[in-house]
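Asker: Pasted the sequence and its predicted model underneath.
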Amino acid sequence: MTNINLNGGSLTLEQLNAIFSTIPVEFDFIDENDIVRWSSANRHRLFKRTDNDLGKHVLEVHPGHSQGHVKQVLHDMHSGDRDSINIMIKHHNQPVNIAFYALHDDNGKYIGCVEVTQDVSNHQQRGSVWRNIKQIFHKK
């Protein structure tokens, strides 16, 4: 299988797909025209994406109540006012972190952003020592 050369090394397409389908984090790539071009497909997704969502404007895949926030994020990314934005929300009573990161080419031109969504309920347990011990012995 052909390797994909990346900064920091190379991976096969199979390895890259395995990474994105395994880690319990959602990634969505939104291009410079605010079109959803790629979404990680994994069983951990809180906000499901389908192949039908690809090619849609990012506002079409976000619920109406969040569109004002998404518009502001996009404005700040396009204008260069912000390179990243982190938002904490509750989703089904679970804390969720949604982060947007502006992406630029080697010349500094805005080429889109990546939206990273993660359930952080495990990250908010008190007592990091006990959490680490629990995770060592508790297998899913």
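Answerer: Structure received.
Asker: Give me the neighbour count for N5.
Answerer: A count of nearby residues for N5, using other C-beta atoms under 10 Å, gives 9. Backbone N, C-alpha and C define where each C-beta goes, glycine included.
Asker: oh sorry, the question was meant for D34
Answerer: 18.
Asker: repeat for the one 10 residues further on
Answerer: Residues contacting H44 under the criterion other C-beta under 10 Å number 14.
Asker: Contact partners for it?
Answerer: Shown in contact with H44 (C-beta atoms under 8 Å, 6 or more residues apart in numbering): I23, P24, V25, E26, D119.
Asker: Specify the local secondary structure of it.
Answerer: coil (DSSP: H, G, I helix; E, B strand; the rest coil).
Asker: Just name the closest of the contacts of H44 to Y110, please.
Answerer: E26 (21.9 Å; C-beta to C-beta).
Asker: beta partners for the residue nearest to the closest one when sequence neighbours are not counted?
Answerer: Distance criterion C-beta to C-beta, 6 or more residues apart in numbering; nearest residue to E26, sequence neighbours excluded, is T117 at 4.0 Å. Listed by DSSP bridges, the beta-bridge partners for T117 are E26, I98.
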